[in-house]
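J.: Structure, please.
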Amino acid sequence: MSNSQIKPSILIITGMHRSGTSLTASLLQSAGLDIGQRLIEPGHGNVRGFFENRDFLEFHEMVLRSQGLHDGGWTLQENIKVEQQYVEKAKELISKNASSPMWGWKEPRTTLFLDFWSKFLPDANFLLIYRSPWEVVDSLYRRGDKTFINQPDLAVKIWMRYNQNILDFYNKFTERCLLVSAYSVVNRTQDLIEAIKAKFKMNLAAPAPKIYEPSLFCNQVSDTERATLIRFYFPEALTTYQKLNQREDLFSEADKVSWFEKVPTFPDKSTAFQDWLNTRHLELQLKSLRSELEQARYQLKQTQAELAAQSNNANTDRESE
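T.: I've put the predicted structure just below:
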């Protein structure tokens, strides 16, 4: 069979927002996977780059908007139908991007369209990435997404929607999927590469060293009471997370069960009050900074007025000479 007759290998990378999909895509791009040319530039939230194909991002946004849904993918809707007019657009996207023997894309909203893409690209395989609900929620809060300002618990609900989609899809199409935690992406990178090579018959190289920057992938929240908070108020999220860990393709048996025992059943009383206190202290600091800013603005105006008066006086003196 000639090279022109060999079917390309297609790998679609997806997962809930803030779950490590950008890091995963950067590693696989370095290993030889073509993830597209029109990638979103680095910015707030991903200073090293999103490694996100703008073509597929815009496609998903367009379909979401057509159904009155938030184009950021902040939806709890289970079934999102892709109308025929967008199917034609999808054909154009594939024709444009399928230019390498190994290609694919990374885009978190793909998680909402897994069934569509699995039927549309029957030869495609899927790398499904997940991260703990408390780490994802904390990352969304730190990024400052406006959607969650007035309904912060929506972040947990959306985590559940995305990751239930991942679980359901993985259970239906296990032979076409690898389910991998963000922890494994970071700590078992070579195992991940080998698993992709073995299962999907992809000729990947070793990723470039030092792609991963530990300071940019915060997991300190795992050592706090946030996990307990989610366990107490959203036990179904913990159930989903437990199921993900049970099916994770790179975990040992010990990895699959050890974390759950470390999460207390009830939130710690002192931590709740400490959060309350910290919030009030931050509000006080903000109020003080605003006051200092107003004072600085007032002083600036005064100085500008004095300089203008001095300039006018100087001009008057020159005219009178």
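
J.: For the rest of this, base every contact and every neighbour count on C-alpha atoms.
T.: Fine.

J.: OK, contacts around the residue lying closest to Leu140 once chain neighbours are set aside?
T.: Closest residue in space to Leu140, ignoring its immediate chain neighbours: Arg18 at 7.0 Å, by Cα to Cα, 6 or more residues apart in numbering. Taking Cα atoms under 8 Å, 6 or more residues apart in numbering as the criterion, Arg18 is in contact with Val136, Ser139, Leu140.

J.: Reformat these as TSV; add neighbour count.
T.: Converted to TSV, these look like this (neighbours: other Cα atoms under 10 Å):
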residue	neighbour count
Val136	23
Ser139	20
Leu140	19
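
J.: out of the residues you listed, which are inside strands?
T.: If you go by DSSP state E, these have nothing in strands.

J.: between those, which is nearest Thr111?
T.: Val136 (15.2 Å; Cα to Cα).

J.: correct me, but that closest one touches Gly20?
T.: No. Shown here, Val136 and Gly20 do not form a contact pair, counting by Cα atoms under 8 Å, at 9.4 Å.

J.: in the helix-or-strand element of the chain with minimal mean pLDDT, what counts as buried?
T.: Across the helices and strands of the chain, mean confidence by mean pLDDT, DSSP states H and E is lowest for helix 253-258: a mean of 74. Neighbour-count burial for helix 253-258 flags Lys256 (criterion: 16 or more other Cα atoms under 10 Å).

J.: again with stretch 229-239
T.: Within stretch 229-239, the residues that count as buried by 16+ other Cα under 10 Å are Leu229, Ile230, Arg231, Phe232, Ala237, Leu238.

J.: Low-confidence stretches in the chain?
T.: Along the chain, the model assigns pLDDT under 70 to residues 1-6, 42-49, 212-224, 258-259, 317-321.

J.: For it, which segments count as strands?
T.: Here the chain has its strands, by DSSP E, at 9-15, 102-106, 125-130, 177-181.

J.: Other residues contacting the third one?
T.: Applying Cα under 8 Å, 6+ apart, the set of residues contacting strand 125-130 from outside is 10-16, 19-21, 163, 166, 176-182, 200, 244.

J.: do you know how far the residue lying closest to Asp191 once chain neighbours are set aside is from Leu28?
T.: Spatially, and ignoring its direct neighbours in sequence, Asp191 is nearest to Leu250 (7.4 Å; Cα to Cα, 6+ apart). Separation of Leu250 from Leu28 (Cα to Cα, to the nearest Å) stands at 17 Å.

J.: tell me the contacts of the residue lying closest to Ile158 once chain neighbours are set aside?
T.: Of all residues not flanking Ile158 in the chain, Leu76 sits nearest, at 6.1 Å (Cα to Cα, 6+ apart). The contact partners of Leu76, by Cα under 8 Å, 6+ apart, come to Lys157, Ile158, Arg161.

J.: before we move on, what about Phe148?
T.: Tyr141, Leu154, Ala155.

J.: between those residues, which is nearest Gly104?
T.: Nearest to Gly104 out of those is Ala155 (Cα to Cα; 27.5 Å).

J.: can you pull the contacts of the closest residue to that closest one other than its chain neighbours?
T.: Among residues not flanking Ala155 along the chain, Val137 sits closest, at 5.8 Å (Cα to Cα, 6+ apart). Taking Cα under 8 Å, 6+ apart as the criterion, Val137 is in contact with Ala155, Val156, Trp159.

J.: give me that answer again for 10 Å
T.: 17-19, 131, 143, 148, 152-159, 221, 226, 230 (Cα atoms under 10 Å, 6 or more residues apart in numbering).

J.: unless I'm mixing things up, Trp105 is touching Leu11, no?
T.: Yes. The criterion here is Cα atoms under 10 Å, and Trp105 meets it with Leu11 at 7.1 Å.
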